[in-house]
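Peer 1: Sequence plus the predicted model coming up.
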Amino acid sequence: MSRGYTLIELAVVILVIGILFTVAAPRLAPLLTGTRLESSARNIASLCRYVNAQAVLSKAYLALHFDIDTGEYWVTTFTIGETSSLFRQSDEVEEIEVTSDIMHRRSLPDGVHFEDVALSETGGADRGIVDVDFTPVGAAQGMLVHLASDDGEQLTVFFDHLTGTSGVLEGYADAVARDSFTL
């Protein structure tokens, strides 16, 4: 007699695993949403640092856009005939979406959404598109990006425009006090 498992034994094991998964899956869903929220916040914080560094190192004008209504965020670059601090108002400016591996258009995962984006100079918004400009001398203003999950968990992404630092805070932070930055 050969050693091994019969087809019936394998079917019973697969059935038991299926039943356990069906019972456990709804209880694991909140854990996955929390992970998605934290991952999204850390991605945005890292992207802010990266865009800031790219603007400074390559002497480029970049912008980070947040579409609060759709949950998308992306980076654009500007081709500028004559550089000025008011580059968005120049007629010689062409804005092009960046499609690199790091700075491509992204969407927040299911169960995660933007609550609002607060900016240190222009105020920000809780709907529509919010733009944050990055110049060869760094970001034009600091920001707080408030993210929430469908189950009510909140995280705040901050970016300090003077030091180029960013991070993630638990909850909804109205202000982040740093040595050089208060929003």
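Peer 2: Thanks, I have the structure now.
Peer 1: So what does residue 142 have for phi and psi?
Peer 2: Note on residue 142: backbone dihedrals following degrees, to the nearest 10 are phi -80, psi 160.
Peer 1: just checking, it touches residue 164?
Peer 2: No: using C-beta atoms under 8 Å as the test, residue 142 is too far from residue 164 to be in contact (10.4 Å). All C-beta atoms are positioned from the backbone trio N, CA, C, and that covers glycine.
Peer 1: quick one: the helices in the chain?
Peer 2: 7-57 (DSSP state H).
Peer 1: and the residue nearest to the spatial centre of the chain, what is it in contact with?
Peer 2: By C-alpha atoms, centre = their mean, the chain has its centre lying nearest to residue 44, at 3.1 Å. Applying C-beta atoms under 8 Å, 6 or more residues apart in numbering to residue 44 gives the contacts 73, 145, 147, 157.
Peer 1: Below-threshold pLDDT in the chain: ranges please.
Peer 2: By pLDDT under 70, the weakly predicted segments of the chain are 1-2, 28-34, 80-93, 176-183.
Peer 1: ok, the residue nearest to the centre of the chain to residue 20 distance?
Peer 2: Residue 44 sits 36 Å away from residue 20, going by C-beta to C-beta, to the nearest Å.
Peer 1: Check residue 128 too.
Peer 2: Applying C-beta to C-beta, the value for residue 128 to residue 20 is 45 Å.
Peer 1: need the contacts of residue 44 in TSV with neighbour count, can you?
Peer 2: Formatted as TSV, those follow (neighbours: other C-beta atoms under 10 Å):
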residue	neighbour count
73	24
145	29
147	25
157	25
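Peer 1: Which of these lies at the shortest distance from residue 106?
Peer 2: Distance to residue 106 across the contacts of residue 44 (C-beta to C-beta) is lowest for residue 73, with 5.7 Å.
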